[in-house]
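J.: From the sequence below, what's the structure:
(chains A, B, C and D)
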Number of protein chains: 2
Amino acid sequence: MDLPAPEVAGPAALAALLADPTRAGILAMLRDGPHCVCEMAAALGERQNNVSMHLARLRDAGLVHRTRHDGDARWIFYARDDAACAAAAAALAALLR
Amino acid sequence: MDLPAPEVAGPAALAALLADPTRAGILAMLRDGPHCVCEMAAALGERQNNVSMHLARLRDAGLVHRTRHDGDARWIFYARDDAACAAAAAALAALLR
DNA sequence: CCGATGCATCAGCGCGGATTGACACAGTAC
DNA sequence: GTACTGTGTCAATCCGCGCTGATGCATCGG
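T.: Got it, this is the predicted structure:
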């Protein structure tokens, strides 16, 4: 007996981020480089404000960051933070290791 | 443009399993070997029937399997399916790769 | 200037999942 | 046999999360 309760709050929060198909699709699409919001919204069949909200959550978690387009500053490109994504992958893998 | 919609249903479903702190704690505790239900319920501070229900979901996903105790068949020990867990870890890592 | 476009934020609603409480079942001890 | 323990299942409830619809903000083009 006397099992210690494992600390899983961090990995569980990361898993919750990946648990939504829209957010998972965003991260999958960003594997091949940056994309703008309307582009990903169209690919996912979701509305723009929805995708924007999900991107805000990924941003708060530090998994993605945004930059403006050089020519037209209305376009906002999102890109993955490779270091944060690698750390997240390691944290999740630690649960199943 | 014309981004294809990525296929993320599988990884998202796996992430949803890990997104619950109780299920994540179960998998974390099972890393060091099999445990019975009441043991894990006590360690997590959750009720036994609750843990039993979460174990049923992990069982349906194939991540764990159960065996009876040799001495007292009332006690049911759960253990991880290492192959399924490795496959799940690979599927999740593919999202963040 | 004005209208259009791309993005972000907010209150409200609905739905799915987790918890609760009660019960049923198998196995053990007596 | 009865009493007790460990586990599983079920209806009912609660609650958090995502979607909707509207609105605001910044930027570009005329």
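J.: Could you tell me the per-residue confidence at the closest residue in space to A:Ala43 that isn't next to it in sequence?
T.: Residue nearest to A:Ala43 in three dimensions, not counting chain neighbours: B:Leu3, with 3.8 Å by CB to CB, 6 or more residues apart in numbering or on different chains. All C-beta atoms are positioned from the backbone trio N, CA, C, and that covers glycine. If you check B:Leu3, the pLDDT there is 86.
J.: My reading is that B:Leu3 lies in a strand. Confirm?
T.: No: counting by DSSP: H, G, I helix; E, B strand; the rest coil, B:Leu3 falls outside a strand, being coil.
J.: Show the contacting residues for the most centrally placed residue in chain A.
T.: Nearest to the mean C-alpha position of chain A, by CA atoms, centre = their mean, lies A:Leu58 at 4.2 Å. Contacts for A:Leu58 (CB atoms under 8 Å, 6 or more residues apart in numbering or on different chains) come out as A:17, A:23, A:26-27, A:64.
J.: Check A:Ala16 too.
T.: B:15, B:19 are the contacts of A:Ala16 under CB under 8 Å, 6+ apart.
J.: pull the CA atoms of the strand or helix carrying it into PDB?
T.: A:Ala16 belongs to helix A:9-18 when assigned by DSSP states H and E. What follows is helix A:9-18, C-alpha atoms only, in PDB (Å, rounded to 0.1, in the frame of the first residue of the first chain):
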ATOM      1  CA  ALA A   9      -1.500  18.100 -13.400                       C
ATOM      2  CA  GLY A  10       1.000  19.300 -16.000                       C
ATOM      3  CA  PRO A  11       0.700  16.400 -18.400                       C
ATOM      4  CA  ALA A  12      -3.000  16.300 -17.900                       C
ATOM      5  CA  ALA A  13      -3.400  19.900 -18.900                       C
ATOM      6  CA  LEU A  14      -1.200  19.300 -22.000                       C
ATOM      7  CA  ALA A  15      -3.300  16.300 -22.900                       C
ATOM      8  CA  ALA A  16      -6.500  18.500 -22.600                       C
ATOM      9  CA  LEU A  17      -5.000  20.900 -25.100                       C
ATOM     10  CA  LEU A  18      -4.500  18.000 -27.600                       C
END
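J.: need the residues of chain A near DNA strand D, please.
T.: Within chain A, the positions adjacent to DNA strand D are A:16, A:19-20, A:22-23, A:46-47, A:49-50, A:53-54, A:57, A:72-74 by CB under 7 Å from any atom of the strand.
J.: how about the residue nearest to the centre of chain A, phi and psi?
T.: Main-chain dihedrals, A:Leu58, degrees, to the nearest 10: phi -70, psi -30.
J.: pLDDT score for it?
T.: pLDDT, A:Leu58: 98.
J.: ok, it to DNA strand D distance?
T.: To DNA strand D, A:Leu58 is 11 Å away according to CB to the nearest atom of the strand, to the nearest Å.
J.: May I ask you to confirm that A:Ala61 is in contact with A:Ala15?
T.: No: look at A:Ala61 against A:Ala15 with CB atoms under 8 Å: they stay out of range, at 11.6 Å.
J.: No more questions from me, cheers.
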